[in-house]
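Q: Here is my input, please return the structure:
(one chain, ligands or ions: 1)
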Amino acid sequence: MTHTDYTKKILNIKDKNIYFEDDCLEIKKIKGIQTKIFHGYLTYIPDYCPKCGCINEGFNDIIKWNFKKNCKIKLTKVSNYNTLLLLDKQRFLCKHCNHTFTASTDIVDFHKQISNDTRKSVTLDLMTKDSEKNISFRNGISTNSTNRILYDLSKDELIKNNGKLPTSFGIDEFKATKDTVSKMAFIIVDHDKKNIFDINNSRLSNDIYKYFSRYPRSERNNVKFITMDLFKPYYKLMHKLFPKAILIPDRFHIIIQIRNALDKTRLSLCNKSNPNYNKLKKYWKLILKNEDELDKTNKKYSKNFNKEISQYDIVQYLINTDTTLNYVYNLYQGIIKSITKRDKEKFLNIIHNVDNKKLNKYTKQAIKTFLNFESYIINAFDYELSNGIVEGTNNVIKQVMHNACGYRKFTHLKTRIMLIKGIYNPLITQ
Ligand SMILES: [Zn+2]
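A: Below is the predicted model of the structure:
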C-alpha cells in the first residue's frame, strides 16, 4: 500500500482522486483543542467543462490551472482527536469558454466545510435525545454547524409528508416555538404505531381543517377513533372532518375537571382566619388521593395535629370541617371510582343527581362540562383508548426543548422530534 492508501484508510476517504504526501500530518492546537491536521490534494482529469459542457478530449479542451489551497474540511475524529483535512483542490481552465473551475469531491458537499462522514455522525447523534451542545462537542464542530445540519435535514420533503392517515389517532396541543401560531403546536399521534404521526405549526381550527382536508374524504372516512381532551371546538371540527370516527375524550382529562374543582374548593378555605389553615394547606395530596388508597392502620406523628394519626383519619377530619368541601370530596371520589372501574351507570347517576345547592362555582363548572360532553364521555367508558401515548410524547418534546434551551424555529423542533422518534431517518433514505 502507498502512503496515500494508508492515510485514506485511516480517514475513511474513498475518493480515488485525493492524494497525501509523506509529511501530511501535523498536530496543533486550534482554539485551544489539539487537532490532527492532514494536508492532501485533489486532482484528476475532468470529463467535461461544467460551465459550457464541452467534452474534454485533450490539451486543446481543458488544462490544469493552479490549486485552490487549504480548503478546510471537518472530518470525523481520529483516536478521539478533532481532525481536519486541508485539501488543495485542482483548478482547471476550459479553453473553449475561458472559464476556470475547481475539482470536486464526494467527501464533502459543494460549499460545505463539514465532511459527509461528520454529517452522518451528527445526524446519528441528532436521533438521540442528547443536547445539541453535547453533540457539537462530541463531533468537534460548533453548535452553529450542528444547527446548520439540522436546518438542512428540516428541508427534506419527508418531514412534510407522512403518508396515509392512521385509522386511530390522538390529538393534542403543546407549547412550542415562537414562530408557531399563538406559540402552540398541534400534534397527531398514531395509536397503532404508538408514535407521532405529525406535528403542525398551528392548533387553530381553520389550520387544522386545512391540514386534514389534504386527505381525500374516502381516506378520512376510514378513521375509526380519535382521542382528545375536553376542548369543544375540536369535537365539532373532528366530526366535520371524520364523520365516521368515534370521538373519545381522554379519561385523565375528565378526572382533571373535578380534581381541579376539589382543589380550588380546598384552596378557597385556606385563609388565615381558618383555624385549620395549616392542615388544609399541608395535606392537599391526601385529599386528592383515591380514598381506597389511604392508609387506615398506620399512624404517624403529625406536628399539625400534635398526635399520631392515620392518613385516612386526617382526610376525614379535614373534609368534616366544611360541608361544601365534604360534598365535593365525595363527588370527586365517586367520579374517579366510576372511571377507574369503567362504571358508566355510576358516573351518569352522579352527574345527573348532584344537589346544585351544595355546589360551589368550581364544581358547578365541572359538572356543566360533564353534561356538555356527556355523549362523548360515555365513549371513554365503552372504549379502552386514551390519550396516554400523546401525553408521553409531549414529555419527550418538553425534554428536547429543554435540552436545546428552546428552539427558535418550529421546523427545527419538528425535525429533531421526528429524528428522535425514528419517524424520519435520513440515513436510510439517502
Ligand atoms: Zn467551458
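Q: could you pull out the strands for the stretch 101-250 of the chain?
A: 168-175, 184-190, 195-200, 225-228, 246-249 (DSSP state E, counting those that start in this stretch).
Q: I'd like to know which of those strands is closest to the ion.
A: strand 195-200 (46.5 Å; C-beta to the ion). Where C-beta positions appear, they are placed from N, C-alpha and C, glycine not excepted.
Q: Identify all contacting residues around the closest one.
A: Outside strand 195-200, the residues that touch it by C-beta atoms under 8 Å, 6 or more residues apart in numbering are 162, 165-166, 169, 185-190, 207-208, 211, 389, 393, 414, 417-418, 421-423.
Q: Ok, stretch 25-36 next?
A: So stretch 25-36 is contacted by 7, 37, 38, 39, 78, 81, 82, 83, 84, 140 (C-beta under 8 Å, 6+ apart).
Q: mind redoing it with 7 Å?
A: If you take C-beta atoms under 7 Å, 6 or more residues apart in numbering as the criterion, stretch 25-36 is touched by 37, 38, 78, 81, 82, 83, 84.
Q: got the domain boundaries for the chain?
A: 3-113, 158-250+386-429, 251-382 (automatic domain parsing).
Q: near the ion, which residues of this protein show up?
A: Residues of the chain lying near the ion by C-beta under 5 Å from the ion: 49, 51, 52, 94, 96, 97.
Q: again, only using 8 Å
A: Contact residues, the chain versus the ion (C-beta under 8 Å from the ion): 49-54, 62, 94-99, 101.
Q: Make a ChimeraX selection of whichever of those residues turn out to be buried.
A: In ChimeraX, a selection of the buried entries from those looks like this (16 or more other C-beta atoms under 10 Å):
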select :49,62,94,101
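Q: how about the strands of the stretch 101-250 of the chain in JSON lines, adding distance to residue 116 and mean neighbour count?
A: Shown next, in JSON lines, are the strands of the stretch 101-250 of the chain (distance: least, C-beta to C-beta, whole Å; neighbours: other C-beta atoms under 10 Å):
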{"stretch": "strand 168-175", "distance to residue 116": "34", "mean neighbour count": "22"}
{"stretch": "strand 184-190", "distance to residue 116": "32", "mean neighbour count": "21"}
{"stretch": "strand 195-200", "distance to residue 116": "28", "mean neighbour count": "21"}
{"stretch": "strand 225-228", "distance to residue 116": "42", "mean neighbour count": "22"}
{"stretch": "strand 246-249", "distance to residue 116": "47", "mean neighbour count": "21"}
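Q: how close does the spatially closest residue to residue 153 that is not a sequence neighbour sit to residue 95?
A: Leaving aside its chain neighbours, residue 153 sits nearest to residue 415 (5.3 Å; criterion: C-beta to C-beta, 6 or more residues apart in numbering). Residue 415 is 46 Å from residue 95, where distance means C-beta to C-beta, to the nearest Å.
Q: What's the biggest strand in this protein, counting residues?
A: strand 62-78 (DSSP state E).
Q: List the buried residues in that strand.
A: Neighbour-count burial for strand 62-78 [16+ other C-beta under 10 Å]: 62, 67, 71, 73, 74, 75, 76, 77.
Q: Quick one: low-confidence residue ranges for the protein.
A: 110, 157-162, 405-406, 429-430 (pLDDT under 70).
Q: hang on, the earlier thing: out of the domains of the chain, which comes closest to residue 131?
A: domain 158-250+386-429 (3.9 Å; C-beta to C-beta).
Q: I'd like the distance from that closest one to the chain centre, please.
A: Centre-to-centre, domain 158-250+386-429 and its host chain are 10 Å apart (C-alpha atoms, centre = their mean, to the nearest Å).
Q: who does the host helix or strand of residue 417 touch, helix- and strand-wise?
A: Assigned by DSSP states H and E, residue 417 belongs to helix 410-420. Secondary-structure packing of helix 410-420 (3 or more C-beta pairs under 7 Å, 6 or more residues apart in numbering; DSSP states H and E): helix 143-154, helix 157-160, strand 195-200, helix 388-403.
Q: Can you point out the buried residues in the first one?
A: Same thing as helix 143-154. Buried, per 16+ other C-beta under 10 Å, within helix 143-154: 145, 146, 147, 148, 149, 150, 153, 154.
Q: and residue 84, which of the three is it?
A: Under the three-state scheme (DSSP: H, G, I helix; E, B strand; the rest coil), residue 84 adopts strand.
Q: State the number of residues packed around it.
A: Here the number of neighbours of residue 84 (other C-beta atoms under 10 Å) works out to 21.
Q: That one: what's it in contact with?
A: If a contact means C-beta under 7 Å, 6+ apart, then residue 84 has 35, 37, 72, 74, 75 as its contacts.
Q: please redo it, this time with the cut-off set to 8 Å
A: Residue 84 touches 30, 35, 36, 37, 38, 72, 73, 74, 75, counting by C-beta under 8 Å, 6+ apart.
Q: secondary structure class for the third one?
A: For residue 36, the assignment made with three-state DSSP gives strand.
Q: What residues are bridge-paired with it?
A: Legend: beta-bridge partners of residue 36 under DSSP bridges are residue 27, residue 83.
Q: Dump stretch 246-260 to CSV, restricted to CA.
A: Extracted in CSV, the C-alpha atoms of stretch 246-260 (Å, rounded to 0.1, in the frame of the first residue of the first chain):
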residue,chain,number,x,y,z
ILE,A,246,-65.8,7.8,17.4
LEU,A,247,-64.5,10.7,19.4
ILE,A,248,-63.2,9.7,22.8
PRO,A,249,-62.3,12.2,25.5
ASP,A,250,-59.2,11.3,27.5
ARG,A,251,-60.1,9.8,30.9
PHE,A,252,-57.3,11.7,32.6
HIS,A,253,-58.8,15.0,31.3
ILE,A,254,-62.2,14.0,32.6
ILE,A,255,-60.8,13.4,36.1
ILE,A,256,-58.8,16.7,35.9
GLN,A,257,-62.1,18.7,35.7
ILE,A,258,-63.4,17.5,39.1
ARG,A,259,-60.0,17.2,40.6
ASN,A,260,-59.3,20.9,40.0
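Q: Pull out the buried residues from it.
A: Buried residues in stretch 246-260 (16+ other C-beta under 10 Å): 246, 247, 248, 249, 250, 251, 253, 254, 257, 258, 259.
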